[in-house]
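*Asks:* sequence unknown, structure follows:
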């Protein structure tokens, strides 16, 4: 059936309605609200399946439903929604994983008194995420982008009474905000250049040939082509949201939020939004590839930043003790892979990896959540152990997730998607560096995941209180199992022998290239995976940790490096020392300016006003009134003086008359001519 | 009438005027002050008549008429003045003008 | 002509000069009467008969009477009518003023050129005066008449006895 715009718009709107309704209901209805959220999400999932069905019928078209939002004089701002294979796949993934995580949360957050609010926030987040996915307008995307950031803030700081959680939420928001600033600048610049922000608009959208050709020829003042500048600015936003170096610092701290939040937002969906953005705007990103006279291309920059991030995440992950921190750095590393894939020119590989990563990372996080919940919120892996026997389903699913992440060959989805990326790195004409970096990261990934498995699941329990940990309820284990199944099966839609996903996304027919398309490089990566896992097994599984305070074997081997990595390469401290201090200095400066310059000048103006008022008063009172009074007094007194001339003596008057007559006569006689 | 006569007559009227002036200014009795003023008016009349009789206008006798009116006015003024004097006498029981000095500043 | 004129002038001036210096008011008034008669004679010398007799009638006949009555009605004890220092000072001031005025006017008179033409004056008959009064100066005549009436009324009012004021004073 053909989906109309109404049904398509229901995909993000249903969770939004669920969130709105949930907000209005009182707190005790938490189960009703959670069920409402799950039902809304499930319905969105079903609609997304229909959307996928429709999109796959004709994979090369982008069905758009554009309308005019508001008018500004002559110009009208148009937004719209879009349905194409990329949208449909992402929507299916997001709704599916969200539904599973919602179900998981009903058990995980059961004891929390703010559970209703939690589901409202989760639904709101899902709605905003889906808004990003189906948006056809960069403006609508940005609006949803910001709403996703807001939801992330609300969810990370869900336990706001914990100061670390509040600080982490603030850090996440501010760091992504920095990225969003560049994003906004890019949007504005793009709007100024093109006059529209729609992606596909019957030939006039910004991702369509007409517009791209017109802007590709322009250059900015720094010798950088216009498209490159805009692309890099938009990448700023993606870098912030997807935790690329140097804006990755918020992701590990975001683990202060509840584990379902980490699973949904910081593993599967929100952090993937950046990758999705670049993938969506790929024609724009690619538009400068043919320009030679430029210092660098957008995609080159993206590739290198992605590679650096991949390596950085993998290095630090091996030194962390908190389960969720390890997984967070792992996410950073994998996001680096995806960005690198985008930069290498293979957005199909990136989306493939995004989809597989979503499933197995969500699985890993939910598994960690299950472990944490069972161990009464113990997250330090030195204090865990021996959980393979007490929590078998969790152990099994977690292992599947771990093997998928490491890229265990052939059977698990992670292998195929990572191979696609490594293959693209191998074939990149610009530099061999991303290939080397990604191979190193592959080995490190295998190593640290084995370390995690060894410390958490193998050996004997090292918990402080020897509680009897048992498997969690079905609401937790069933989603884990479903995700584990997906972690295996999703890989098969993109193998080189049947690249169905790639062709569906690209709109090209399926070209089978054989299972071992990777050749030498594939072999090399398999060997590296084996090597990493082997090293991890030697260090952590063969010599099991006996108690919580024992030193990490890696620490004994390379103490200095380990300490450095353990302190997360001191990047956070660096930021505090530089930007934090700068911010404080600026704040002090503004405070000083405000207090002593503007305030004083305003006070000065006020005093000036007062002065003029007092002058006015003085003039009025003293000069006018008193002057008037004094003058009148003087006149009166002169009158008194004059009146003394009235002696009352008639003879005196007569005398005056006579003398006047004499003088007048004299005058007449002398002057009469 | 020659010039000498004319001059003499004019000097005469001037002298009369000055005598009247001196009377007004020096005597303290109100009656004499008023009579001095009458004398001054008279001297002016003399002047008019002298000029009229020596250099008259051909058709009209302006001088005579003026003198007529002046005499009439002088008479009425004398009457009123002396009535005032009577009233003043009733008030202060003497005609010495120095005693009528209450209107002073 | 000249002698008569001189005598008339002399009599008038002397009588007026003496009149102003006498202590006795009645004597002063009577001497002033002589002055006025002298002026009347002067008018007659100049052939201004009408004015002369008018002067006689009005001044000598009426004003002198009024003055005499005023003097007689306001008689006081002679002790207040004495010469003192203030009156001497006053007299000297008045004399200076009068003499200076006289000298100025004499100077003016003597230094004015007389007119060249000598025109003979017409006799000023009563008829011509009356004709002029009633034809050309009739309004002035009527106004003068009403003025005289008002003056009389006013003076009567001023000098009249009023029973309250007599008791208060």
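*Replies:* Structure's in. What do you need? The structure displayed is predicted, hence computed values, not measured ones. Numbering: from 1, shown residues only, chains lettered A, B, ... in the order given.

*Asks:* number of nearby residues for residue A:656?
*Replies:* 11 (other C-beta atoms under 10 Å in any protein chain shown). For the C-beta atoms, the positions are set from N, CA and C on the backbone; glycine is no exception.

*Asks:* How about residue A:61?
*Replies:* Around residue A:61 there are 13 residues (other C-beta under 10 Å).

*Asks:* which non-adjacent residue is nearest it?
*Replies:* Closest residue to residue A:61 in three dimensions, ignoring its sequence neighbours and counting by C-beta to C-beta, 6 or more residues apart in numbering or on different chains: residue A:84, at 7.1 Å.

*Asks:* burial of the one you found, as a residue count?
*Replies:* 23.

*Asks:* any idea of the pLDDT on it?
*Replies:* Among the per-residue scores, residue A:84 holds a pLDDT of 86.

*Asks:* so it sits right up against residue A:63, yeah?
*Replies:* Yes: contact status for residue A:84 versus residue A:63: in contact at 7.0 Å, counting by C-beta atoms under 8 Å.

*Asks:* Overlap in contacts, these two.
*Replies:* Counting by C-beta atoms under 8 Å, 6 or more residues apart in numbering or on different chains, the shared contacts of residue A:84 and residue A:63 are residue A:55.

*Asks:* how about the residues of chain B that lie near chain A?
*Replies:* Counting by C-beta under 8 Å from any C-beta of the partner chain, the residues of chain B lying close to chain A are B:21, B:24-25, B:28, B:33, B:97-98, B:100-105.

*Asks:* Kindly give a single PyMOL line that selects the buried subset of those residues.
*Replies:* Those of the residues of chain B next to chain A that meet the burial criterion (16 or more other C-beta atoms under 10 Å in any protein chain shown) are gathered into one PyMOL selection, given here:
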select buried, chain B and resi 21+24+25+28+33+97+100
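
*Asks:* what's the next secondary structure element after the helix or strand hosting residue A:425?
*Replies:* Taking DSSP states H and E as the definition, residue A:425 sits inside helix A:413-426. Stepping forward along the backbone from helix A:413-426, the first helix or strand reached (DSSP H and E) is helix A:433-457.

*Asks:* Tell me the gap between that next one and the middle of its chain.
*Replies:* Computed by C-alpha atoms, centre = their mean, to the nearest Å, the separation of helix A:433-457 from the middle of its chain amounts to 26 Å.

*Asks:* do stretch A:158-167 as well
*Replies:* Per C-alpha atoms, centre = their mean, the displacement of stretch A:158-167 from the mean C-alpha position of its chain is 19 Å.

*Asks:* From the residues of chain B next to chain A, which one has the minimum pLDDT?
*Replies:* Lowest model confidence among the residues of chain B next to chain A falls on residue B:105, which carries 66.

*Asks:* any chance you could map the helices in chain B?
*Replies:* Across chain B, reading from the start of the chain, the helices by DSSP state H fall at B:3-26, B:30-54, B:62-92.

*Asks:* for chain C, same thing?
*Replies:* Per DSSP H, chain C carries helices over the ranges C:2-21, C:25-45, C:49-55, C:64-73, C:85-110, C:126-135, C:138-159, C:163-168.

*Asks:* so which of those helices gets nearest residue A:253?
*Replies:* Each of the helices of chain C was checked against residue A:253 via C-beta to C-beta, and the shortest separation belongs to helix C:163-168, namely 115.9 Å.

*Asks:* what's the domain layout of chain C?
*Replies:* C:1-75, C:125-159 (automatic domain parsing).

*Asks:* So for the longest one, mean pLDDT?
*Replies:* It stands for domain C:1-75. In this model, domain C:1-75 has an average pLDDT of 90.

*Asks:* mind checking how far that domain is from the chain centre?
*Replies:* Per C-alpha atoms, centre = their mean, the centroid offset for domain C:1-75 relative to its chain is 7 Å.

*Asks:* what's the answer for stretch A:92-105, then?
*Replies:* 20 Å.

*Asks:* Settle this for me: residue A:128 is touching residue A:148, isn't it.
*Replies:* Yes: Residue A:128 is within contact range of residue A:148, at 4.4 Å (criterion: C-beta under 8 Å).

*Asks:* hang on, the earlier thing: could you export the helices of chain C as CSV, including mean neighbour count?
*Replies:* Written out in CSV, the entries for the helices of chain C read as follows (neighbours: other C-beta atoms under 10 Å in any protein chain shown):
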stretch, mean neighbour count
helix C:2-21, 17
helix C:25-45, 21
helix C:49-55, 21
helix C:64-73, 18
helix C:85-110, 16
helix C:126-135, 13
helix C:138-159, 14
helix C:163-168, 8
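
*Asks:* Now render those helices as CSV, adding distance to residue A:491.
*Replies:* Conversion of the helices of chain C to CSV gives the following (distance: least, C-beta to C-beta, whole Å):
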stretch, distance to residue A:491
helix C:2-21, 155
helix C:25-45, 157
helix C:49-55, 157
helix C:64-73, 153
helix C:85-110, 144
helix C:126-135, 149
helix C:138-159, 141
helix C:163-168, 141
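
*Asks:* Chain A: which of those helices is closest?
*Replies:* Chain A lies closest, by C-beta to the nearest C-beta, to one member of these: helix C:85-110, at 4.7 Å.

*Asks:* Can that closest one be said to contact chain A?
*Replies:* Yes: where contact is defined by C-beta under 8 Å from any C-beta, part of helix C:85-110 touches chain A, namely C:90, C:93, C:94, C:97, C:98, C:100, C:101, C:104, C:105, C:107, C:108.

*Asks:* Tell me the pLDDT of the residue of the stretch 101-250 of chain A found nearest chain C.
*Replies:* For the stretch 101-250 of chain A and chain C, the shortest gap (C-beta to the nearest C-beta) falls at residue A:192, measuring 101.1 Å. Each residue has a pLDDT score; the one for residue A:192 is 87.

*Asks:* Repeat that for the one 3 residues further on.
*Replies:* Looking at residue A:195, its pLDDT reads 80.

*Asks:* count of neighbours near it?
*Replies:* Residue A:195: 11 surrounding residues under other C-beta under 10 Å.

*Asks:* Give me the phi and psi angles of it.
*Replies:* Here is the backbone geometry of residue A:195 (degrees, to the nearest 10): phi 80, psi 0.

*Asks:* Setting the sequence-adjacent residues aside, check what's closest to it.
*Replies:* Beyond its immediate neighbours in the sequence, the residue positioned closest to residue A:195 (C-beta to C-beta, 6+ apart) is residue A:75, lying 7.7 Å away.
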